[in-house]
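Asker: Please work out how this folds:
(one chain, ligands or ions: 1)
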Amino acid sequence: MRGATRFLLCSLLLATLHGTETAAQEVQPDPKAPCANWMGGAPGYPGHNGLPGRDGKDGKDGLKGEKGEQGEQGRKGDSGEIGSRGIEGPRGFPGNPGMKGEKGEGAYVYRSAFSVGLAGRAPHPNVPIRFSKIFYNEQNHYDATTGKFHCSIPGMYYFAYHLTVYLSDVKVSLYKKDKAVLFTYDQFQKNNVDQASGSVLLHLSAGEEVWLQVYGEGENNGVYADNINDSTFMGFLLYPDLDLH
Ligand SMILES: [Ca+2]
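Answerer: Next up, the predicted model:
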């Protein structure tokens, strides 16, 4: 009874499969199904390995990896080109004053000055007036024994005199090298005291002498001095000749 039923079911199934070829191709009978033992023989041997399949499509990009470690420092590069000139900077602060320089050589050599006065009255005419009251004569270029200034440094000199006139007129000349170059004449007023003065610039060569001298006769010797009236004579080197250097 059970075998008959199984036969019927299998026959029906086979009829259905042969009736529709399309269906038979699409639906393979399971070898392990209950009908296999009925229709098929012993299981075959496994087939040979098939050919390798084609490569699959490329996969999608993976996630971004973690940041790598910092590389070693590279070698120092070549020097760059010289840049253009910059803008001028602001003015600096003033520097400190320098040290005092050393004393120059020969400064004393170019000094020549004197200032003298008359010690008493009545100088003799026609001879150099001897001023023996010394205010200044450091270089001794003025000789109090002769009343003459002796030039030791060639150059330009300034001379001046201021004389007190008393009891008589005064005619006085400034001499340079035995020649009167400056004249002063003062007429004395009775019951009065006058002054006679003069000044001049002279160029002197070494060895030339300058002095004051009353000219004329004996009556013109009113050059005077006492304890309240001086008669003075002075001179100094204004500047030496350049060829001295
Ligand atoms: Ca006068």
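
Asker: Over to Gly92. Which of the three states is it?
Answerer: The three-state label given to Gly92 by DSSP: H, G, I helix; E, B strand; the rest coil is coil.

Asker: quick one: it from Met99, how far?
Answerer: 20 Å (CB to CB, to the nearest Å). (Glycine included, C-beta is placed from N, CA and C.)

Asker: Pro154 too?
Answerer: For Pro154 relative to Met99 (CB to CB), the value is 34 Å.

Asker: Which one of those two is surrounded by more residues?
Answerer: Pro154 (17 against 6; other CB atoms under 10 Å).

Asker: I'd guessed the more buried one sits against Leu237; true?
Answerer: No - contact between Pro154 and Leu237 fails when scored by CB atoms under 8 Å: they sit 9.5 Å apart.

Asker: What parts of this structure come near the ion?
Answerer: Proximity of the chain to the ion, by CB under 5 Å from the ion, involves residues 186-187, 194.

Asker: out of the residues you listed, which are buried?
Answerer: Buried by 16 or more other CB atoms under 10 Å: 186, 194, out of the residues of the chain next to the ion.

Asker: Kindly present the residues of the chain next to the ion as CSV, with separate columns for pLDDT.
Answerer: Converted to CSV, the residues of the chain next to the ion look like this (pLDDT from 0 to 100):
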residue, pLDDT
Asp186, 92
Gln187, 91
Asp194, 92
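
Asker: What pLDDT is listed against Pro125?
Answerer: Among the per-residue scores, Pro125 holds a pLDDT of 83.

Asker: same deal with Arg85?
Answerer: Note on Arg85: pLDDT of 91.

Asker: Is there a neighbour count for it? I'd like the number.
Answerer: Applying other CB under 10 Å, we find 6 residues neighbouring Arg85.

Asker: For it, which three-state class applies?
Answerer: coil.

Asker: Number the chain from 57, please
Answerer: With the count now opening at 57, the last piece we talked about shows up as Arg141.

Asker: Please tell me how far it sits from the ion.
Answerer: Counting by CB to the ion, to the nearest Å, the gap from Arg141 to the ion is 78 Å.

Asker: Give me the phi and psi angles of that residue.
Answerer: Phi and psi for Arg141, reported as degrees, to the nearest 10, are phi -60, psi 130.
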